[in-house]
Every structure is written in C-alpha cells, then in structure tokens.
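[1] okay, sequence plus prediction incoming.
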Amino acid sequence: MTSVRRVLAVMVMLLAGVAQVESSRQVVPRAVLIRMEGHIGAPRPGDRGLAKLTLRRDKGTIEFQVNEIWVLSGDLVGLDILHEVEPYEPNMSLAGPPEVVDRLLAASPDELLEITAYFRRGVRILTLSGVERAKKRDASRSD
C-alpha cells in the first residue's frame, strides 16, 4: 500500500512540475502574413464589401474597404482575421516603415490597393510591408 502512495506522490509532483514549467512560458502571438485588396474611404458601388476596417496611425484613423483578403502564411483564413477585429474601434493599429505607411495614408479613394502586411493576433497590429496599386484581374477568373 505504501508503494502505491509513493508512486502517486511522485506522479503528482511530476505533474505539478510540468504545469509550473508550462505556465511560466511566455506566449507571443505569431504574426500572420496577409494580403488585402480594397481602397480607402467610403464604400462605393461595385465593392465586394467583405469588411470596413478602421486603421489607426498616431491620432488619426482611416477607413479601408476590404474586397479580398488572403492569408499567405499562417494557420488562419482571411475571414478569421476580419471576425477577430470586428468588435473593436479602431479595428487595427498601423505600423511599418514610414514610407510604406505614408503610401497608404496618401492614397486616393479611387485607387484600388493591394496591401501586404503582418497581422499580430491579440494586439491587433497591422505591420505594413507593401502598399501597391492592385493589378486589374480578369473578371472571368475566380481566384
């Protein structure tokens, strides 16, 4: 009977040690590489209208109308990201090289843009790596 108690005591100590090690690890949200297509400003006719994102930079906020979103690397789908940020205002904070952020902020509402960025879950930071004019896509294709 005492050997059973000793075995149980050792197992409890081992499990407590594992639990303590696991709880002491810091969890850093992994960045997800995404690409979004859309434009800044108010919605316009012909928009697909997946989402309207409010993006904060310093004290200013801009609206970005999302027509398409793709996850380039990560374990999510684009709609997961949009649903995660939907309840917040602003939805995301902008970061990245000043010239890239300025390209987005200076864009005209009639320009269709393609944004490549890293999205950090939990903290809702969108780190821009590229802002370009979107290429015209063939309407007969269904990418």
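    Yep, it's here.

[2] so what secondary structure elements neighbour the longest strand along the chain?
    Counting residues, the longest strand found in the chain (DSSP state E) is strand 60-73. Judged by 3 or more CB pairs under 8 Å, 6 or more residues apart in numbering; DSSP states H and E, the packing partners of strand 60-73 are strand 31-40, strand 51-57, helix 78-85, helix 98-105. Just so you know, the C-beta spots here come from the backbone N, C-alpha and C atoms, and that holds for glycine as well.

[3] what angle do the first one and strand 60-73 make?
    Think strand 31-40. Between the axes of strand 31-40 and strand 60-73, defined by axes from the mean of the first three to the mean of the last three CA atoms, to 10 degrees, the angle is 130 degrees.

[4] what does strand 31-40 rub up against?
    With contacts defined as CB atoms under 8 Å, 6 or more residues apart in numbering, strand 31-40 is touched by 47, 62-76, 78, 81, 104, 107-121, 127, 134.

[5] spatially central residue in the protein, please.
    Closest residue to the average C-alpha location of the chain: F119 at 3.1 Å, with CA atoms, centre = their mean.

[6] list the contacts for I125?
    Contacts of I125 by CB under 8 Å, 6+ apart are M92, S93, A95, F119.

[7] list the contacts of T127.
    Contact analysis of T127 by CB under 8 Å, 6+ apart lists A31, A95, G96, A117, Y118, F119, R120.

[8] what sits closest to S129 if chain neighbours are left out?
    With sequence-adjacent residues excluded and distances taken as CB to CB, 6 or more residues apart in numbering, S129 is closest to T116, at 5.1 Å.

[9] each with direction, which strands does the longest strand of the chain pair with?
    Next to strand 60-73 in the sheet, as set by DSSP bridges, lie strand 31-40 (antiparallel), strand 51-57 (antiparallel).

[10] in contact with A42, which residues?
    So A42 contacts E63, Q65, P109 (CB under 8 Å, 6+ apart).
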